[in-house]
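**Student:** sequence? don't have it. structure:
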């Protein structure tokens, strides 16, 4: 009587890592989509210059304009002037991350984790 043992660990690890990457990308897209409505807009450059990347099991999103940090914090003085349009406000990125993490379980289920 012969037995054969098949180790599927490498395949399972690969599939898990793929699902994690897809899930992180979906979360980044959700943060970006959620923040767009509340991002202050004068010319639209702040809303348009967003960089998203996934590296391994880490995800990064950044608004690449030098004044983005000041707008996020809501400063009214300093090197830039705070401007908002109706429906926009400070903490646009922080609030979007919070809302996305509240939907995190739904996103992870969507990718099969």
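**Tutor:** Arrived safely. Here the structure is a predicted model, which means the values were calculated and not measured. Residues are numbered from 1 along each chain as shown.
**Student:** How about the contacts made by the residue nearest the centre of the chain?
**Tutor:** What sits nearest the mean C-alpha location of the chain, by CA atoms, centre = their mean, is residue 28, with 2.5 Å. The contact partners of residue 28, by CB atoms under 8 Å, 6 or more residues apart in numbering, come to 52, 54, 59, 61. Glycine gets a C-beta too; all of them are placed from N, C-alpha and C.
**Student:** Give the next helix or strand downstream of the helix or strand containing it.
**Tutor:** Using DSSP states H and E, residue 28 maps to helix 9-36. Later in the chain than helix 9-36, the nearest helix or strand by DSSP H and E is helix 45-48.
**Student:** Only the buried residues of that next one, if you could.
**Tutor:** Going by neighbour count (16 or more other CB atoms under 10 Å), the buried part of helix 45-48 is 46, 47.
**Student:** where are the low-confidence patches of the chain?
**Tutor:** Counting by pLDDT under 70, the low-confidence segments of the chain come to 76-84.
**Student:** my guess is residue 38 meets residue 96, correct?
**Tutor:** Yes - here residue 38 reaches residue 96: they are 7.3 Å apart, a contact under CB atoms under 8 Å.
**Student:** between those two, who's got more neighbours?
**Tutor:** Each of residue 38 and residue 96 has its neighbours counted (other CB atoms under 10 Å); residue 96 has more, 21 against 18.
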